[in-house]
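Student: This is a predicted model, with the sequence first.
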Amino acid sequence: MKRSALVAPALAVALVLGALAPLHAGDPKGGLDLWLYCPTNLLVDKNVTELAELWKRAAGAGYTKVLLADSKLAKLGDVDARYFKNLEKAKATAAELKLELVPAVFAIGYSNDLLWHDPNLAEGVPVKDALFVVKSGEARLVADPPVDFKEKWDYKDDGVALDGGTAVVRDPKGNARLTQKLQVSKFRCYHISVEIKSDNFGGEPEVKVLDAKGRSLQYQQLGVARTQDWKTHHVVVNSLENDVFHGVFRDLGRGLGHALVAQVEDRGGRVAQRPPPARRAVRRRRQGRGERLRDDFRPPRMGNQPWNGSYEVWHEPPPIKTRLPDGTKLRVSWFHPVILGEEQVGACPAEPKTSELLRDEARRVREATGARGLMMEFDEIRVLGWDESCAKKKKAPGALLADSARECTKLLSGAQAYVWSDMFDPFHNAHDDYYLVHGDLKGSWEGLDKSVVVVNWNFGKRDESLAFFAQRGHKQVIAGYYDGDVKQARDWLASAAKVKGVTGIMYTTWKHRYDDLEAFAKTCRE
């Protein structure tokens, strides 16, 4: 589930001789704590004023806990005095209203804020032995072999008409798909570009790349506007262990209006290889032997456009400067980050420097906030287990994630630790074949100490999920709403009544929508 930041949890219900304490008039059903999810940027003065008004409403409706999600909490060493002044104002407001602030830390899945410190800590996927050829003092990438993209498609829906290299959507209400099978090389990085023109279009055009089993290798959104003139959109995809792509251009015509899609551009092969490396190893082939030349090349635009922690989808591959003679063939290997959705890039939890940054973040946030509880933002970790640091551990992704969870919990020793449920839930994301994770996430939950409160957002399998964590001895907080129907809370609470240890329920909005704040609280009291 896409979010601009992450959510939070709750504390245990007070017990008297093993029974629930009497409810006060404003308490939600069963005496559960009411939580409020609040993503913000405290560097902006206006936001502090708006938070004060929102928190007054929340306190009046019976909320007692606030998850404070702010990207600046990952960068406290780089913010000025104005930020800390605003943080103190927010803390004072919360104290006056008797609201407990729970800061969000440790962005392992949505890691752009953490990667601000070092973009090269992004979780990488490998490119192996790509061909570079030297000319005039520069070694440049050569498609090996070139990809034979054709304007003749293997399949198209009836609602798509072809006009030369352009596909025109004739029926905006039906499916509009174009597919083509392409031969590629294993562990290579490919660039697909497509021109799109739209007119009052209500769909979301996609470029999907599937392996032979139908598993997607590409999850990046194109970002097509409802109405736009011809514009080039880019996608980058790694072939990983596959030598065949099943390319699908889809959802071109759903919704209102129509979309026009041009042919895929030819940049060094109809689908051009593109290296945005975090690290390279360069070898020259000599009489069947490999000679290692360098392993420290880093592209100048990697992870810093327009600012640190922000990754370009596409840029021209930078050349490698060399004194080798023209015609020399080099084999270059590297790891590159993967962009998912709009801009999500995950950090590698196995990198030693990642651990250093997390340790520093924990210290700074705890000193600045004095918080009694903190939320660990392990969430939707969609790329893991491929890069060099992960490989050295010789562990499955589930074990790697468990190690990171143990480490982060220790960094919060003395405070209450909370964590999202999804990456530790076998009924949610903790399984095999999860996005681009290299292996099985099974067993990730072994890294959660029983003291960690699990913030559960698995609404689809809430009975199974709540029971799983309850049996493991965890207290839980329900994360509900998601900008939908407040009555969803009733279904959550019905499931929570079947297990022990559910201590709170949270109003969780991904769209900064607080219209239903009071209605949600009322529903939880019914």
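Tutor: Cool, got the structure.
Student: got the buried residues for stretch 227-240?
Tutor: Of the residues in stretch 227-240, those with enough neighbours to count as buried (16 or more other Cβ atoms under 10 Å) are 233-240. No exception for glycine: its C-beta is placed from N, CA and C like everyone else's.
Student: how about TSV for those, with distance to residue 521 added?
Tutor: Written out in TSV, the entries for these read as follows (distance: Cβ to Cβ, whole Å):
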residue	distance to residue 521
233	43
234	45
235	43
236	45
237	45
238	46
239	50
240	47
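Student: Could you save the residues you listed as JSON lines and add columns showing pLDDT and secondary structure?
Tutor: Supplementary listing: those in JSON lines, determined by pLDDT from 0 to 100; DSSP: H, G, I helix; E, B strand; the rest coil:
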{"residue": "233", "pLDDT": "86", "secondary structure": "strand"}
{"residue": "234", "pLDDT": "86", "secondary structure": "strand"}
{"residue": "235", "pLDDT": "86", "secondary structure": "strand"}
{"residue": "236", "pLDDT": "88", "secondary structure": "strand"}
{"residue": "237", "pLDDT": "90", "secondary structure": "strand"}
{"residue": "238", "pLDDT": "91", "secondary structure": "strand"}
{"residue": "239", "pLDDT": "92", "secondary structure": "coil"}
{"residue": "240", "pLDDT": "95", "secondary structure": "coil"}
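Student: Tell me where the protein is predicted with low confidence.
Tutor: 1-30, 151, 164-165, 170-173, 250-298 (pLDDT under 70).
Student: Residue ranges of each domain in it, please.
Tutor: For the chain, automatic domain parsing gives the domain ranges 15-118+345-525, 126-337.
Student: List just the nearest of the buried residues of stretch 227-240 to residue 218.
Tutor: residue 237 (4.3 Å; Cβ to Cβ).
Student: Return the set of residues that bridge with that closest one.
Tutor: In this structure, residue 237 bridges to residue 190 when assessed by DSSP bridges.
Student: Wait, it touches residue 211, no?
Tutor: No - Residue 237 is beyond contact range of residue 211, at 10.5 Å (criterion: Cβ atoms under 8 Å).
Student: shared neighbours of these two, anything?
Tutor: When contacts are counted by Cβ atoms under 8 Å, 6 or more residues apart in numbering, the set common to residue 237 and residue 211 consists of 217, 245.
Student: in the stretch 251-400 of the chain, which spans are strands?
Tutor: 258-261, 272-273, 279-286, 289-294, 320-321, 329-337, 373-376, 383-384 (DSSP state E, counting those that start in this stretch).
Student: deepest of the domains of the chain, which one?
Tutor: Scoring the domains of the chain by mean neighbour count under mean count of other Cβ atoms under 10 Å gives domain 15-118+345-525 as the most buried, with a mean of 19.
Student: quick one: that one to chain centroid distance?
Tutor: Counting by Cα atoms, centre = their mean, to the nearest Å, domain 15-118+345-525 is centred 15 Å from the centre of its parent chain.
Student: which one is residue 210 nearest to, not counting chain neighbours?
Tutor: The shortest distance from residue 210 to any residue other than its chain neighbours is 4.2 Å, reached at residue 246 (Cβ to Cβ, 6 or more residues apart in numbering).
Student: The one you found contacts residue 181, doesn't it?
Tutor: Yes - if you go by Cβ under 8 Å, residue 246 and residue 181 touch, sitting 5.7 Å apart.
Student: Would you quantify the distance from residue 136 to residue 327?
Tutor: As for residue 136, its distance to residue 327 is 11 Å (criterion: Cβ to Cβ, to the nearest Å).
Student: Over to residue 50?
Tutor: From residue 50 over to residue 327 (counting by Cβ to Cβ), the distance is 63 Å.
Student: swap in residue 412?
Tutor: Distance from residue 412 to residue 327, counting by Cβ to Cβ: 57 Å.
Student: Could you do residue 353 as well?
Tutor: Summarising the geometry, the distance separating residue 353 from residue 327, computed by Cβ to Cβ, is 39 Å.
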